[in-house]
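> Provided below for reference: sequence and predicted model.
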Amino acid sequence: MQKLQEVINLHINNVEEFFTSLDLIPLSQIENPNQLFNTFNGSKNKDLEEFLKNKSVDSDLRGSTRTHLLVNNNEDEPKLIGYFTLTIKPILTNGISKEFIKKVDGFSKERKCIYFHLIAQLGLSNEYIGIGLGDYLLYTAISLIEDANKIIGGRYILVDAFNCDPVIHFYERNGFIKLPTLEEDQNSIKMIYKI
């Protein structure tokens, strides 16, 4: 957290004031989400913006996912800085070594399917990329999962991340490792984090 604070200090004049203006709000508590969504500029990753604006509300209402919004309330109009979406995801173990299956499962190397806590989406509005707020958002998502884990269990967090070096390095720097599978996907890569 010390390094994160130093990076943010370089880009935000009054860090303490900035952080006290931030609220993490569950999507279900937002009266007019579209108005808030319009303050989010995710043009560097259209999939993040597409999910947020066209799928997050329905997914949340159906109980498939839970989306949490990081909102700056220190402006005339609240502004969406970033968000993450959490759910549970099963992964078939085809193509994963027996040793790794046992490591992840914690019990059996014969498991055909393993369930993960999933960070399904994690994104920042473009103007906040590169100043350490991605780390802050990820730490917050992990913390919520760890709290839930005390009640429902689970051993690992999964991300199905965009397969490019900066994204892979971001997750590796934050303790995620690649999930070794035989299936190759040019666009995404599965990475896991031990709770």
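Everything's here; your move.

> so in the protein, where's the weakest helix or strand by average pLDDT?
When each helix and strand of the chain is scored by mean pLDDT, DSSP states H and E, helix 2-11 comes last, with a mean of 50.

> need the helices for the protein, in chain order.
Here the chain has its helices, by DSSP state H, at 2-11, 15-20, 33-37, 46-54, 56-61, 98-105, 133-152, 165-173.

> is the most centrally placed residue in the chain bridged to anything, and to what?
Among the residues of the chain, the one closest to the centroid is Leu122, at 3.6 Å (C-alpha atoms, centre = their mean). Partner residues in beta bridges with Leu122, using DSSP bridges, are Phe84.

> isn't it right up against Phe84?
Yes: if you go by C-beta atoms under 8 Å, Leu122 and Phe84 touch, sitting 4.4 Å apart. (C-beta placed from N, C-alpha, C; glycine too.)

> check contacts around the residue nearest to the centre of the chain.
Leu122 is in contact with Gly82, Tyr83, Phe84, Thr85, Gly134, Leu137, Leu138, Ala141, Val159, counting by C-beta atoms under 8 Å, 6 or more residues apart in numbering.

> okay, the closest residue to the second one other than its chain neighbours: pLDDT?
Taking C-beta to C-beta, 6 or more residues apart in numbering, and ignoring the residues beside it in sequence, Tyr83 has Leu69 as its nearest neighbour in space, at 4.8 Å. According to the prediction, Leu69 has pLDDT 97.

> how many neighbours does Leu69 have?
Counted with other C-beta atoms under 10 Å, the neighbours of Leu69 add up to 23.

> so what pairs up with it in the strands?
Here Leu69 shows beta-bridge partners Ile25, Tyr83, assigned using DSSP bridges.

> which residues touch it?
Leu24, Ile25, Pro26, Leu27, Ile30, Leu36, Leu80, Gly82, Tyr83.

> now it: how far from Leu92?
Distance, Leu69 to Leu92, using C-beta to C-beta, to the nearest Å: 32 Å.

> beta partners for the nearest residue to Lys178 once chain neighbours are set aside?
Leaving aside its sequence neighbours, Lys178 sits nearest to Met191 (C-beta to C-beta, 6+ apart; 5.6 Å). In this entry, Met191 is beta-bridged to Val159, Lys178, by DSSP bridges.

> what residues are up against Met191?
Applying C-beta under 8 Å, 6+ apart to Met191 gives the contacts Leu158, Val159, Ala161, Ile168, Tyr171, Glu172, Phe176, Ile177, Lys178, Leu179.
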